[in-house]
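Asks: Just to be clear, the model below is a prediction. Sequence and coordinates:
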Amino acid sequence: QVQLVESGGGLVQAGGSLRLSCVASGRTFSTYAMGWFRQAPGKERKLVAAIRWSAGWTYYEDSAKGRFTISKDVAKNTVYLQMNSLKPEDTAVYYCAAGTSVGWPPSVFGSWGQGTQVTVSS
């Protein structure tokens, strides 16, 4: 089992930036990738960005391309999501997840963080 702890959420005005962090611990050797999901009220949880743990591969959902950047610090077992040019529609709870599937983009996630709220005001 992998334990994940997110931080960095908050309230920001439209056009602003936030950086989310996710620290992984436990059986991290079983993790192929890390992903950031978000879930807005009344909507399904959706993969926003992902990064291969042992390589430079990245994936972005269309609305995140050009605005969000996912990165990692392997030595710190930490994944980041830099979010720029935030919009009110980015408001959601953001979850970090550990991917256990080999395929790309990752489709199977075995461990989840508790989530961090991101609110973008207009």
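Replies: The structure has been received and is ready for your questions.

Asks: centroid residue for this structure?
Replies: By C-alpha atoms, centre = their mean, the mean C-alpha position of the chain lies nearest to residue 36, the distance being 2.0 Å.

Asks: Partner strands of the helix or strand harbouring it and their direction?
Replies: Using DSSP states H and E, residue 36 sits in strand 33-39. Using DSSP bridges, the strands paired with strand 33-39 are strand 46-52 (antiparallel), strand 92-99 (antiparallel).

Asks: What is the distance between the shortest one and the centre of its chain?
Replies: The one in question is strand 46-52. Once both centres are worked out by C-alpha atoms, centre = their mean, to the nearest Å, strand 46-52 turns out to sit 6 Å from its chain's centre.

Asks: C-terminal to it, what's the next element?
Replies: strand 58-60.

Asks: List the neighbouring strands of that next one plus their orientation.
Replies: Counting by DSSP bridges, strand 58-60 is paired with strand 46-52 (antiparallel).

Asks: related to what we said a few turns ago, can you point out the buried residues in the strand holding residue 36?
Replies: 33, 34, 35, 36, 37, 38 (16 or more other C-beta atoms under 10 Å). For the C-beta atoms, the positions are set from N, CA and C on the backbone; glycine is no exception.

Asks: give me every residue that touches the third one.
Replies: Meaning residue 35. 47, 48, 49, 50, 51, 59, 96, 97, 98, 99, 106, 109 (C-beta atoms under 8 Å, 6 or more residues apart in numbering).

Asks: Look at the fifth one and report its pLDDT.
Replies: Spelled out, that is residue 51. Looking at residue 51, its pLDDT stands at 95.

Asks: Low-confidence ranges, the chain, go.
Replies: Within the chain, the set of residues satisfying pLDDT under 70 is empty.
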